[in-house]
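Peer 1: after the sequence you'll find the predicted model.
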Amino acid sequence: MTIRVLLVDDHAVMRAGFRMILESEPDIAVVGEAATGSTAVAAASALRPDVVCMDVQMPDMDGIQATRLLAADAAVDAAIVIVTTFDRDDYLFEALSAGASGFLLKNAGPEELVSAVRVAAAGDALLAPEVTRRVIARLAPASPSPAPVTTPPAATPELTDRETDVLRLVAQAMSNAEIASALYIGEATVKTHVSNVLQKLGVRDRVAAVVWAHRHGLA
């Protein structure tokens, strides 16, 4: 399967560099480019990419607002990876809240960009361990007791043992492939378990599941 990518950045040189890196991979094709958030929204609707690499600071409409619009559009089934120069917590949390699947800095190496596209296309959240820690520090309140909670709450007994195992590994920022390897099961099975976990916990995405796991002592 070829991963279809839309590049969104107001700098043509940056887009050209990303295109060169991504199109050197046999399983990735850049299907379009956009220089503003509004043109990105239109391009995503027309081109139906699998992954959108989205800059933040752009004229007309910034990448956060464009991400929010795309995530809310049921006709667009694209994972959005924020690619920015600025390692700022406000960008990180606004992007994840808007519906982005990942957050990558522009000083990342070419192999990290390629990996980010593949991870996002596979349905995984691109959260490095250090980013996960920042998300947890912001969103998960500290436990009122000195000792962490070690058992899941009675309110969610519907999680099976296997789903609980998968949730623990998701909370460690492991990808579906890594979870599959750790549990000796197929990636398709992992995706099914993750989908079931999200549905049973009543959360939107893996980021929210990570927060839930940390709040309830599963990480």
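Peer 2: Sure thing, it's come through. Residues are numbered from 1 along each chain as shown.
Peer 1: how far does stretch 54-67 stretch from start to finish?
Peer 2: Criterion CA to CA, to the nearest Å; first-to-last residue distance in stretch 54-67 is 8 Å.
Peer 1: buried stuff in that stretch?
Peer 2: By neighbour count on 16 or more other CB atoms under 10 Å, the buried set for stretch 54-67 is 54, 55, 56, 58, 61, 62, 63, 64, 65, 66, 67. All C-beta atoms are positioned from the backbone trio N, CA, C, and that covers glycine.
Peer 1: now swap in stretch 70-78 and tell me
Peer 2: 70, 71, 76, 78.
Peer 1: ok, and what's touching that stretch?
Peer 2: Stretch 70-78 is contacted by residues 6, 40-41, 44-45, 48-52, 80, 98-100 when judged by CB atoms under 8 Å, 6 or more residues apart in numbering.
Peer 1: 6 Å - rerun?
Peer 2: 44, 49, 52, 99 (CB atoms under 6 Å, 6 or more residues apart in numbering).
Peer 1: which helix or strand contains the third one?
Peer 2: Pointing back at residue 52 there. strand 51-54 (DSSP states H and E).
Peer 1: quick one: the strands in the protein, in order.
Peer 2: 3-8, 28-34, 51-54, 79-84, 102-105 (DSSP state E).
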